[in-house]
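**Student:** below is the sequence, then the predicted model.
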Amino acid sequence: MLETALATETVKIVLNVLDKVTGGALEEVGVQILQYLKAKFHGTLKLDQVQKDPDLLKTAILEKAIEDQNFKSDLEQLIVKFQKLESNSAKVIQNTQSGVNINADKSTVVGQQFFRQQ
């Protein structure tokens, strides 16, 4: 993964974690990414600064990834893990006239009944 793509994706994930947009396993991996960054930036990473100016984090990640291949490799593994979990999560959202909200993949709604296709 290119350093710029890595930095951009990492910032997106960190902001989602800080805003509590993710949940479950995604949140867990997102927190791992956040903890990894905190450890690598030794207290220079301030969460309130990241939320106000995400480009600060992006620049720091980009510089560190260019100079430290181990950092880049480790962060890339965490990002790929997050992306795999994200791609396996449900992506289909359907709002029906009867008020039934469905958020599922490979599923069928009939009236008020919900069937999972195998």
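**Tutor:** Yep, that arrived. Numbering: from 1, shown residues only.

**Student:** can you list the weak-confidence ranges in the chain?
**Tutor:** Along the chain, segments meeting pLDDT under 70 span 21-25, 47-48, 89-118.

**Student:** and the longest helix for it?
**Tutor:** helix 69-88 (DSSP state H).

**Student:** residues of that one that come out buried?
**Tutor:** For helix 69-88, the neighbour count (16 or more other C-beta atoms under 10 Å) marks 71, 72, 75, 76, 78, 79, 82, 85, 86 as buried. For every residue, glycine as well, the C-beta is placed using N, CA and C.

**Student:** what does stretch 12-21 give?
**Tutor:** 13, 14, 16, 17.

**Student:** just give me the closest of those to residue 49.
**Tutor:** Closest to residue 49 out of the buried residues of stretch 12-21 is residue 14 (11.6 Å), distances taken as C-beta to C-beta.

**Student:** ok, that closest one - contacts?
**Tutor:** 30, 33, 34, 37, 50, 57 (C-beta atoms under 8 Å, 6 or more residues apart in numbering).
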